[in-house]
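> Let me see the structure of the following:
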Amino acid sequence: MTATRTAPRQCPVCGDQLLLTRLSCGNCSTELSGRFESCEFCALTAEDRSMLKVFLASRGNMKDLERHLGVSYPTARARFDGLLQKLGIDRPSAPAPNVEMLESLARGEIDVDEALKRLGGAS
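A predicted model of the protein is given here:
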């Protein structure tokens, strides 16, 4: 059996996106040609697909992803952001101040009193 490879996504000549135009059956050798929709997830590495599966199975819990990867929260977040970038999903350049503060609270870097103070509430 022939090893399965990841198809290139860009033309090596001009750099434009390649189109999926041919499919074949490994069992009976039937072939289809035409223009087919390509799978954006198929271009991900096996490691990227594994990380995405863990993230989805944990319903978006970054702490579970952190444990699965065996890395710190910032490293897990950076890897996930890299995955989003590969998929062409833009993330705002800088999260809103309250989001950063809530993430700091979730990581235990600040306590509730400090969070309330930063939000302008009473401590």
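
> where does the most centrally placed residue in the chain land in three-state SS?
By CA atoms, centre = their mean, the chain has its centre lying nearest to Leu83, at 3.2 Å. Three-state assignment for Leu83 (DSSP: H, G, I helix; E, B strand; the rest coil): helix.

> Start and end of stretch 21-31, how far apart?
Terminal residues of stretch 21-31 lie 11 Å apart, using CA to CA, to the nearest Å.

> Report pLDDT for the residue nearest to the residue nearest to the centre of the chain when sequence neighbours are not counted.
Nearest non-adjacent residue to Leu83, counting by CB to CB, 6 or more residues apart in numbering: Asp48, 5.4 Å away. From N, CA and C alone the C-beta is placed, and that goes for glycine too. Looking at Asp48, its pLDDT reads 90.

> lowest average confidence, helix or strand, in this protein?
Sorting the helices and strands of the chain by mean pLDDT, DSSP states H and E puts helix 97-106 at the bottom, at a mean of 78.

> chain center to the next helix or strand after that one, what's the gap?
Going down the chain from helix 97-106, the next helix or strand is helix 112-119, by DSSP states H and E. The chain centroid and the centroid of helix 112-119 are separated by 31 Å under CA atoms, centre = their mean, to the nearest Å.
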